[in-house]
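Visitor: no FASTA, just this:
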């Protein structure tokens, strides 16, 4: 499961890959799928300026690619940062994943078809955003 969230921890993009695929292979499609928003007055404007990630994404080629698309990588470095502390901002994504796996259909993967699992994951992300909206407005 790959989740792209905003600074508040709300899921804005979800994706899946096989269990035998490393996490870093899911980062490029997630960022490329959500990077741009069309603005008629100024052309295209970027939505993502910083990306926080854990040690699984610590690769020089990935850092270069993120800089080339205009994103500042804030990725924990292997051997430098302690794995016990998640940092000031990276705990948000852990909380978001916890919210999504709180739905019974997603925690053990019952679905054999990846399209069905991705649909349930998208539905869980939408419900998470809706629940957060309800708590903010009431």
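Guide: Yep, it's here. Everything numeric here is computed off the predicted structure, so don't read it as measured data. Residues are numbered from 1 along each chain as shown.
Visitor: below-threshold pLDDT in this protein: ranges please.
Guide: Low-confidence segments of the chain (pLDDT under 70): 35-47, 82-87.
Visitor: in the helix of greatest length in the chain, what counts as buried?
Guide: Longest helix of the chain, by residue count under DSSP state H: helix 114-137. By 16 or more other C-beta atoms under 10 Å, the buried positions in helix 114-137 come out as 117, 120, 121, 124, 125, 128. No exception for glycine: its C-beta is placed from N, CA and C like everyone else's.
Visitor: so what's the first one up against?
Guide: Just to be clear, that refers to residue 117. By C-beta atoms under 8 Å, 6 or more residues apart in numbering, the residues touching residue 117 are 16, 106, 109, 111.
Visitor: with the last one instead?
Guide: Shown in contact with residue 128 (C-beta under 8 Å, 6+ apart): 10, 11, 96, 99, 100.
Visitor: the fourth one: how many residues sit nearby?
Guide: Here the neighbour count serves as a burial measure; for residue 99 (other C-beta atoms under 10 Å) it reads 21.
Visitor: now do the host helix or strand of it against helix 114-137, angle only.
Guide: Using DSSP states H and E, residue 99 maps to helix 87-101. When axes from the mean of the first three to the mean of the last three C-alpha atoms, to 10 degrees is applied, the directions of helix 87-101 and helix 114-137 differ by 120 degrees.
Visitor: contacting residues around helix 87-101?
Guide: Applying C-beta under 8 Å, 6+ apart, the contact partners of helix 87-101 are 1, 3, 5, 7-11, 14, 52-54, 74, 76, 81, 86, 106-107, 121, 124-125, 128.
Visitor: contacts only, for the nearest residue to residue 56 once chain neighbours are set aside.
Guide: Distances taken as C-beta to C-beta, 6 or more residues apart in numbering place residue 23 nearest to residue 56, at 4.4 Å, with adjacent residues excluded. Going by C-beta under 8 Å, 6+ apart, residue 23 touches 2, 56, 57.
Visitor: before I go, just wanted to say thanks for your time.
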